[in-house]
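Trainee: how would this look folded up:
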Amino acid sequence: MSRRAFAPKSLERYFLLLAVGVLLLVSVLTGILLFQNWKTYSSSSQARDSFAVIRATVKVVELASAERGPMNAALGANLPVPESSLAALRAARGKTDAQIDQLLALYAPPLRAEQTGERAEIQRIRDALGLARRNADLLIATPRGQLTSDGVWEVVSGMVRIIPQWQASMGRDVGLAMKNEVDAPSVLSLALLASELREQAGLLGSLFTPALASHRTLTQAEHFRIERVRGRIDELWTLINARIATRPGLAQSPTFMQMQRRYFDDGLLYLEHVRQDASRAATASNTSTGQLAATYVPLMGSIVQFRDVLLDAIGQSIHAHRADALRLLLITLGATALLVAALAMALVQFRRRVIRPFGLASRIISAIANGTPPAPIPAGRHQGEVEEVFTALRVLKENSAIKTRLEAERDRLIADLANLAETDYLTGLLNRRAFETRFEVTRAQWQEHGPVLAFILFDIDNFKNVNDTYGHASGDIALKSVAELCRKIWRQSDTVARVGGEEFAVLCHTPNAAEAVEMAERMRRAMSAEPIFAEDGALFTLTASFGVACAQWDQAADAGKLFHVADELLYQAKLSGRNQVMQRMLG
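Mentor: Residues are numbered from 1 along each chain as shown. Okay, the predicted model is just below:
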């Protein structure tokens, strides 16, 4: 009797408790779905904004680099400089300034702290560009009899030094785009390689300006600069081909084949003709800076077209993913509203249609939250709203699995990109960028009373003959052999890198300069004694020229000159007959 009296009250209480529990469950489920979908949509929006900055910055880099064409033409023209040349220079600068304005417009208030810093950095680089332009204008107006090759090269170098600053300013946005957009990393890295290729191609043309403007032949130093930039272009071309091999559609695209034909066939061949013409000792080159710009710059346009195709593809992918994320978010919001209404009606039949499914659903959610295998999710055993709950659980389970897989893939790509950014693809040694970073860290951490800091720069002698005689594949074998010798000769505490085509650098601490020279000599002797088998089985050996620059702690302020001094010593070793070591102590 007492049990029957309390039963209605108990059922009502259970009903209310169950109603609260079900609503709480629905809130958790829909909150997880909405949060995940909102996070996906927010990430896509962030990727879109970052990509807009990347694309605008890449365009600024292109236009700032393109300014050098009319500037070089004006430097090579006789006074008074033709108005057409000055007008072309003003137009090029106007395009660059307009693009910088568009880039700054992307940083509209309200700005986050990092965006404020980026905007200030862009304005700083713009001021630096203005200073480089003013220096160029002063030199353009200088009487031609007072022009010097060093002065012309300093102006050209001033414009060149601005470009890496633009590229560095978009580093955070590149990271965000690669992190938040699944399809971005491989294609974006390919687009950035194409952008860097365009800059190096422009720099290669600018290297001829001092000689052409002064109506003289190319110097040995200018030949060295040309070879170094040409080596970087070959390296970029190899990297582009390695990445594009995974995308057959791009490899067969008209823009890629046009770039290969227009620049790597026609453009580089034209520059080689100009170089040969400017190398004749008897007469100055017949090519003017204006003629060089008029012929060479259009050939570089194929690189820009290829880069823009890649950027268009990334932009379309980001837009599609963002639209899909928004659509999924709206669908989730609509499904949530329907699910809440359906559950309110289903509570009337809570014993048969809610309590048991609720217990099962709770166990499944707990398993997913704990990362353990959940119980099998029933399909078709329930009807209406309850079935929708289990459908939502299946979606949650699938989304959780997809999220875990995508995060693992993202982490792997980030790790691969970090390793790729620091490693030379052929030799496995550090690349130039990683070496410079470690150089700065070593110099900053250098302690008083520490050992001598030695910078060793060496270059394989007559490496071009190896490629010409035995083929580029054998040249690669030779570079790998040198890398293996580096691993055997140098200590684990030494920093070893490949900083150019056949150029290597070593940074190490030694008790004195003599020990650094002795280590360089051991490496030189080991290279001379190491037999190398060409691809066709032919046997050959290598020699190398070394420059060893050393500094003690009390000259730490001059340690940054080590690279420059070692480069000069290497050049002296080449002029002195190669296969030798030149050394100097700073002080």
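Trainee: quick check: residue 41 vs residue 521, distance?
Mentor: With distances taken as C-beta to C-beta, to the nearest Å, residue 41 is found 63 Å from residue 521. The C-beta positions use only the backbone N, C-alpha and C, and glycine is treated the same way.
Trainee: look up phi and psi at residue 78.
Mentor: Main-chain dihedrals, residue 78, degrees, to the nearest 10: phi -80, psi 150.
Trainee: could you measure from the nearest residue to it once chain neighbours are set aside over to residue 132?
Mentor: Leaving out its chain neighbours, the residue that sits closest to residue 78 by C-beta to C-beta, 6 or more residues apart in numbering is residue 144, at 6.2 Å. As judged by C-beta to C-beta, residue 144 and residue 132 stand 21 Å apart.
Trainee: just to revisit the earlier point, can you report how many residues lie near the residue nearest to residue 78?
Mentor: 13 (other C-beta atoms under 10 Å).
Trainee: give me the next element, helix or strand, following the helix or strand that contains residue 564.
Mentor: For residue 564, the host element (DSSP states H and E) is helix 562-575. Downstream of helix 562-575, the next assigned helix or strand under DSSP H and E is strand 581-585.
Trainee: tell me the strands beside that next one, with direction?
Mentor: strand 544-551 (parallel) (DSSP bridges).
Trainee: phi, psi for residue 454 please.
Mentor: Per degrees, to the nearest 10, the backbone of residue 454 is at phi -110, psi 130.
Trainee: and for stretch 327-341, what are the contacting residues?
Mentor: 23, 26, 30, 33-34, 37-38, 40-41, 385, 388-389, 392 (C-beta atoms under 8 Å, 6 or more residues apart in numbering).
Trainee: cool, and stretch 430-443?
Mentor: With contacts defined as C-beta under 8 Å, 6+ apart, stretch 430-443 is touched by 421-424, 453, 455, 495-500, 505, 507, 556, 559-560, 563.
Trainee: derive a PyMOL selection command for the buried subset of those.
Mentor: Remark: buried members of those, expressed as a PyMOL selection using 16 or more other C-beta atoms under 10 Å:
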select buried, resi 422+423+424+453+455+495+496+497+498+499+500+505+507+556+559+563
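Trainee: just the contacts of stretch 430-443: which are in strands?
Mentor: 453, 455, 495, 496, 497, 498, 505, 507 (DSSP state E).
Trainee: let me see the contact set for the first one.
Mentor: The reference is to residue 453. 442, 443, 446, 507, 508, 509, 550, 551, 552, 559, 562.
Trainee: do the same with the last one
Mentor: Each residue near residue 507 by C-beta under 8 Å, 6+ apart is listed here: 435, 438, 439, 442, 453, 454, 455, 456, 494, 495.
Trainee: equivalent analysis for the fourth one, please.
Mentor: By C-beta under 8 Å, 6+ apart, the contact set of residue 496 is 429, 430, 486, 487, 490, 504, 505, 506.
Trainee: who's the last one bridged to?
Mentor: Using DSSP bridges, the bridge partners assigned to residue 506 are residue 456, residue 496.
Trainee: for it, the count of nearby residues, please.
Mentor: The number of residues packed near residue 506 is 25, by other C-beta under 10 Å.
Trainee: wait, doesn't it sit right on residue 494?
Mentor: Yes. Residue 506 lies in contact with residue 494 (C-beta atoms under 8 Å); the separation is 5.7 Å.
Trainee: in contact with residue 81, which residues?
Mentor: Counted by C-beta under 8 Å, 6+ apart, residue 81 has contacts 74, 140.
Trainee: in the stretch 151-300 of the chain, which spans are strands?
Mentor: Assigned by DSSP state E, counting those that start in this stretch, the stretch 151-300 of the chain shows no strands.
Trainee: need the helix or strand of the protein with the lowest average pLDDT.
Mentor: The helix or strand of the chain with the poorest confidence is helix 350; it has a mean of 64 (mean pLDDT, DSSP states H and E).
Trainee: coming back round to it: of residue 41 and residue 521, which one has the most company?
Mentor: A count of neighbours by other C-beta under 10 Å puts residue 41 above the other of residue 41 and residue 521, at 20 against 15.
Trainee: returning to what we had before: for PyMOL, write the select line for the buried members of the contacts of residue 496.
Mentor: Those of the contacts of residue 496 that count as buried under 16+ other C-beta under 10 Å are selected in PyMOL with:
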select buried, resi 429+430+486+490+504+505+506
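Trainee: out of the contacts of residue 496, the closest to residue 468 would be?
Mentor: residue 504 (21.0 Å; C-beta to C-beta).
Trainee: Throw the contacts of residue 507 into a markdown table and include pLDDT and distance to residue 253, thanks.
Mentor: Output for the contacts of residue 507, formatted as a markdown table (pLDDT from 0 to 100; distance: C-beta to C-beta, whole Å):
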| residue | pLDDT | distance to residue 253 |
| --- | --- | --- |
| 435 | 87 | 35 |
| 438 | 85 | 38 |
| 439 | 83 | 40 |
| 442 | 79 | 44 |
| 453 | 88 | 49 |
| 454 | 90 | 48 |
| 455 | 92 | 44 |
| 456 | 95 | 44 |
| 494 | 90 | 44 |
| 495 | 92 | 40 |
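Trainee: report the buried members of these.
Mentor: Buried, going by 16+ other C-beta under 10 Å: 435, 439, 442, 453, 454, 455, 456, 494, 495, out of these.
Trainee: so which of these is the closest to residue 236?
Mentor: Closest to residue 236, out of all of those and judged by C-beta to C-beta, is residue 435, at 17.9 Å.
Trainee: and that closest one, what helix or strand is that in?
Mentor: With DSSP H and E as criterion, residue 435 is part of helix 432-444.
Trainee: for that helix, list the C-alpha coordinates in PDB.
Mentor: Output of helix 432-444 as PDB, limited to C-alpha atoms (Å, rounded to 0.1, in the frame of the first residue of the first chain):
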ATOM      1  CA  ARG A 432      72.800  27.600 -45.500                       C
ATOM      2  CA  ARG A 433      69.800  28.900 -43.500                       C
ATOM      3  CA  ALA A 434      70.200  26.500 -40.600                       C
ATOM      4  CA  PHE A 435      74.000  27.100 -40.600                       C
ATOM      5  CA  GLU A 436      73.500  30.900 -40.300                       C
ATOM      6  CA  THR A 437      71.000  30.400 -37.400                       C
ATOM      7  CA  ARG A 438      73.500  28.200 -35.500                       C
ATOM      8  CA  PHE A 439      76.300  30.700 -36.300                       C
ATOM      9  CA  GLU A 440      74.400  33.500 -34.600                       C
ATOM     10  CA  VAL A 441      73.500  31.300 -31.600                       C
ATOM     11  CA  THR A 442      77.200  30.200 -31.200                       C
ATOM     12  CA  ARG A 443      78.400  33.800 -31.400                       C
ATOM     13  CA  ALA A 444      75.700  34.900 -28.900                       C
END
